[in-house]
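In: Predicted model and sequence below, questions to follow.
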Amino acid sequence: MECKIKNDLGTIYITEDVLLRLAGYAALECYGIVAMSSKRAKDGIVEWLGRENLTRGVQLRLAEDGSLDVDLFIVVEYGISIVAVCNTIIETVKYKLESMAGATVRRINISVEGIRV
């Protein structure tokens, strides 16, 4: 899956890996998020990922209308409002994907996989 942007001069193709990284970096720059996590559905083990592997904490799906659905798996800091952190992440990720990549974001789903003290 890639994002296609057409203009008068030609077509711009943005790969899925770039979109995954954009979403991951945008989420990590929000206050209250400690790490991205990758949940292996097979055995339920949650892995905490550093900046080099943050694309595994993000999943993208292309909707029928060409917009993106984004799933984020995160670990939050203890003592911070989870709702406030998630709302900030949703706004930031949507803004970054739309402004930097020209993608249309339909939905952002956040799964809080852990809390770090």
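Out: Done, it's in.

In: Which secondary structure elements does whichever helix or strand Leu22 is part of sit against?
Out: Applying DSSP states H and E as the criterion places Leu22 in helix 16-28. Judged by 3 or more CB pairs under 8 Å, 6 or more residues apart in numbering; DSSP states H and E, helix 16-28 is in contact with strand 33-39, strand 58-62, strand 68-77, helix 82-101. Using the backbone N, CA and C atoms, a C-beta is placed for each residue, glycine as well.

In: Can you tell me the strand partners of the shortest one and which way each runs?
Out: What it means is strand 58-62. Strand pairing for strand 58-62, using DSSP bridges, gives strand 68-77 (antiparallel).

In: Buried by neighbour count: which residues of the partner strand qualify?
Out: Leu68, Val70, Leu72, Phe73, Ile74, Val75, Val76 (16 or more other CB atoms under 10 Å).

In: got the contact list for the residue nearest the centre of the chain?
Out: For the chain, the residue nearest the mean C-alpha position is Ala23 (3.7 Å; CA atoms, centre = their mean). Contacts for Ala23 (CB atoms under 8 Å, 6 or more residues apart in numbering) come out as Val58, Leu60, Val70, Leu72, Val93, Lys96, Leu97.

In: Alright, that wraps it up for me.
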